[in-house]
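A.B. asks: Can you look at this prediction? I've put the sequence above it.
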Amino acid sequence: MKRLLIMVVGFILILSTTLLAQKKKPNVLFIISDQHKQAFSGAYGHEIVKTPNIDALAKSGVTFTNAYTPAPVCAPTRAAIVTGMYPYANGAIYHKAPVMNKNGKEVRKEAGVLRATGYHEGLKTVGEIFQSAGYITAAPGKMHVHGELQKNVDPSYPEGNSLGWDETSVRYYTHFPGGHYEDEVGKDAYHRYRQILEYKSNGGSQDLNPQLKPSLVEDHEDNFDMVVAKKAIDFIKERGQDKNNFFLHVGFEKPHLPLTTLQEYYDMYDPESFTMPETAYDWYGKGKYPWIQDWVHNGWPKKDKASAKRIMAAYASCITEMDDMIGRIVTTLKENDLYDNTIIIYTTDHGEHMFEHGLRGKHNMYEAAVKVPFIISYPSELGQGTRNESIVSLIDVMPTITELINKKPSKTAQGVSLVATAKTGKELKDRVVFSEYRAGNYKAFPKQKDLPSRMMRKGNYKYIYTQGIIGQLYDVVKDPLERNNLVLDPEYKDLVNSLCFQTIADWRFQKYSEMDIKKKGKEISWEENGQAESYAVFYSKTLNSQEAELVASTIKETSYEVKNKGYYWVMAMPKLTRTTPHLGENIPVWTTEHSFQLPITNAIKIGGDKGKASK
């Protein structure tokens, strides 16, 4: 009997060891929509917008309430996600990349045309990491990453660049002959989906669709998100058969414009149930915001409130359509016994104002544009039904999912893993995240197509730097509507200077250059900045600019005698000369002219080898 018991115990141990050895790594389903305003979902507290499938992911997972996009526009954000790096660092900073044509004229190129306009060569993408781990990778739908390239499209890069996807289909906003949405459904359905002819006959208003006109696509399953969902479902069914590990990146297009969908989704909403945001009329009567491009300001709430509400209903309808497609995919996971071993992430590439601050679209740094929904569901390992207030970024996707499959992210990745905070619920402390953007049509500098701006969220504060334009500082906890720009309050002067420095200290990118800095003995000197009213000096014992302290300000000269060993930076304080109606004649908000020189030096080391400036 004793011998039999030993044999049974031994058999159980062997069986347990075998089962553990056979335990597969988790699959990953990454779902990204386009332009989904965080507040417009049940998971984030909206009482009208119907998102039952996103809400179900929130109930089974972790909902991050302070998640930020690396850029309030599509292409730079998507390149940031796949590389785990901010746009300035990976090099893919443009929505449409500027290149010089044969006649020496600058033209804008979409993604998928030239490798040189994409992220830097040599960077490893998240798809390539999963491929190296033995996963089958697929990416149906919108990708829009400058750097993805088919073979023999760019003569200078004939081998192409797959981003690490084994299977690719239904591309959109990306040059992709044979694998584009139009190739999938035909030119007629593609034009019907984009409502191209309708734009012309309706003066462009069909784009926002205040008429609540249904999609013109004759076969409803030919609408973009339906086609993408079908591709994802077919891929999952194949994995249900062969049991191979997979990483599936699903790129939906809704609720991006045009705000057209099926009648059944419009029927779910009463436009009159929507209320205009409290800030919808904030710029009327005052003049447009001096730090926002002219065209982002929107007149619908003032001129036609009823139509504005119908636009909100159209937007909500598109969200519900997209949510339905999520439901189809998750259901397929369950039907193929893959759900329990699959990490599911839902997010979007950037937000949407939907009339907050009287604005439409994204293209700036208000919370509605840069804060995004971000949910991770993996019930066997992470918290269920929890809300996490940690400040996080979409560049955290790569390190998070690679840790969950016991792989390391790319060495160049700038994000952090969220696994520990998702498991324990303990918030990340002292996390700082950024978002950046280049845009045109600022009234301050009408000829500049790519005026740069950068946002930093640190603690309760959000600072926004825009080249040549007065900064913005908001306490987003005390002032969630972002109505009180603390830059205008003299009591916050030192904090404004410190946060401005931390926002731009390490930020370098094409066309714009930093001020030169040199040292001689105990004195540092720097290049004069033509826009400067004065200069400020920052010091840190380490090269970490976030640890630097302001040691001198209102310096009129271009030199300073240092006292301690360590690292020094100099920041120019721009002289603002022009006013706008929004803030009145007593508050200058713009510099006299545009400059391609950033008001910051690199760090220079004092007391070390040769004291060369650090980049």
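C.D. replies: Arrived safely, thanks for sending.

A.B. asks: which stretches of this structure have low pLDDT?
C.D. replies: Along the chain, the parts satisfying pLDDT under 70 run over 1-23, 196-206, 608-615.

A.B. asks: Would you verify that Thr137 is located in a strand?
C.D. replies: Yes - counting by DSSP: H, G, I helix; E, B strand; the rest coil, Thr137 is part of a strand.

A.B. asks: how many other residues sit next to it?
C.D. replies: When neighbours are counted by other CB atoms under 10 Å, Thr137 registers 26. Using the backbone N, CA and C atoms, a C-beta is placed for each residue, glycine as well.

A.B. asks: residues touching it, list them.
C.D. replies: For Thr137, the contact set (CB atoms under 8 Å, 6 or more residues apart in numbering) comprises 127, 130-131, 164-167, 246-249.

A.B. asks: which of those tops the neighbour count?
C.D. replies: Top of the contacts of Thr137 by neighbour count (other CB under 10 Å): His249, with 28 neighbours.

A.B. asks: which residues of the stretch 301-450 of the chain fall in helices?
C.D. replies: Counting by DSSP state H, counting those that start in this stretch, one finds helices in the stretch 301-450 of the chain at the ranges 305-335, 367-370, 397-404, 419-424.

A.B. asks: Can you add mean neighbour count and give those back as a markdown table?
C.D. replies: Shown next, in a markdown table, are the helices of the stretch 301-450 of the chain (neighbours: other CB atoms under 10 Å):
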| stretch | mean neighbour count |
| --- | --- |
| helix 305-335 | 22 |
| helix 367-370 | 26 |
| helix 397-404 | 22 |
| helix 419-424 | 18 |
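
A.B. asks: quick one: which of these is nearest Gly141?
C.D. replies: Gly141 lies closest to helix 305-335 among the helices of the stretch 301-450 of the chain, at 9.8 Å (CB to CB).

A.B. asks: What residues sit buried inside stretch 585-603?
C.D. replies: Neighbour-count burial for stretch 585-603, counted by 16 or more other CB atoms under 10 Å, picks out 588-591, 594-595, 597-603.

A.B. asks: What separates the first and last residues of it, distance-wise?
C.D. replies: Distance across stretch 585-603, first residue to last, is 37 Å (CA to CA, to the nearest Å).

A.B. asks: so how far is it from its chain's centroid?
C.D. replies: Distance of stretch 585-603 from the chain centroid (CA atoms, centre = their mean, to the nearest Å) equals 26 Å.

A.B. asks: so of the buried residues of stretch 585-603, which ones are in strands?
C.D. replies: Under the assignment DSSP state E, these contribute 597-601, 603 to strands.

A.B. asks: Please name the nearest non-neighbouring residue to the residue nearest to the spatial centre of the chain.
C.D. replies: Note on the chain: the residue nearest the mean C-alpha position is Thr69, at 2.7 Å, using CA atoms, centre = their mean. In space, not counting the residues next to it along the chain, Thr69 is nearest to His350; the distance is 4.6 Å by CB to CB, 6 or more residues apart in numbering.

A.B. asks: Would you map the strands across the stretch 151-300 of the chain?
C.D. replies: Using DSSP state E, counting those that start in this stretch, the strands of the stretch 151-300 of the chain run over residues 167-169, 246-251.

A.B. asks: could you give the angle of the longest one to helix 305-335?
C.D. replies: Spelled out, that is strand 246-251. 170 degrees (axes from the mean of the first three to the mean of the last three CA atoms, to 10 degrees).

A.B. asks: contacts for strand 246-251?
C.D. replies: By CB under 8 Å, 6+ apart, strand 246-251 touches 27-32, 34, 126-127, 130, 135-144, 165, 172, 228-229, 232, 235-236, 239, 329, 401.

A.B. asks: cutoff 7 Å now
C.D. replies: 27-32, 127, 130, 135-143, 228, 232, 235, 239, 329 (CB atoms under 7 Å, 6 or more residues apart in numbering).

A.B. asks: mind listing which of these are in helices?
C.D. replies: Per DSSP state H, helices hold the following members of the contacts of strand 246-251: 127, 130, 228, 232, 235, 239, 329.

A.B. asks: With distance to Tyr284 as added columns, please give the residues you listed in a markdown table.
C.D. replies: Below are the ones in helices among the contacts of strand 246-251 laid out as a markdown table (distance: CB to CB, whole Å):
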| residue | distance to Tyr284 |
| --- | --- |
| Gly127 | 46 |
| Phe130 | 50 |
| Val228 | 39 |
| Ala232 | 44 |
| Phe235 | 49 |
| Arg239 | 53 |
| Ile329 | 43 |
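
A.B. asks: for Tyr560, helix, strand, or coil?
C.D. replies: Following three-state DSSP, we place Tyr560 in the strand state.

A.B. asks: was I right about it contacting Ile524?
C.D. replies: Yes - proximity of Tyr560 to Ile524 meets the contact threshold set by CB atoms under 7 Å, at 5.5 Å.

A.B. asks: For these two, work out which one has more neighbours and name it.
C.D. replies: When Tyr560 and Ile524 are compared for neighbours, Ile524 comes out ahead with 22 against 19, by other CB under 10 Å.

A.B. asks: For the more buried one, give me phi and psi.
C.D. replies: With angles defined as degrees, to the nearest 10, Ile524 sits at phi -110, psi 150.

A.B. asks: if we can go back for a sec, please tell me I have it right and the residue nearest to the centre of the chain contacts Thr348.
C.D. replies: No - judged on CB under 7 Å, Thr69 makes no contact with Thr348 at a distance of 8.0 Å.

A.B. asks: And the helices in the stretch 101-250 of the chain?
C.D. replies: According to DSSP H, counting those that start in this stretch, the stretch 101-250 of the chain carries its helices in the segments 126-132, 181-185, 187-194, 196-201, 224-242.

A.B. asks: thinking again about what came up before, of the helices of the stretch 301-450 of the chain, which approaches Phe355 most closely?
C.D. replies: Nearest to Phe355, of the helices of the stretch 301-450 of the chain and by CB to CB, is helix 305-335 at 6.1 Å.

A.B. asks: Let me know the angle separating the closest one from helix 224-242.
C.D. replies: Angle of helix 305-335 versus helix 224-242, following the same axes, to 10 degrees, is 10 degrees.
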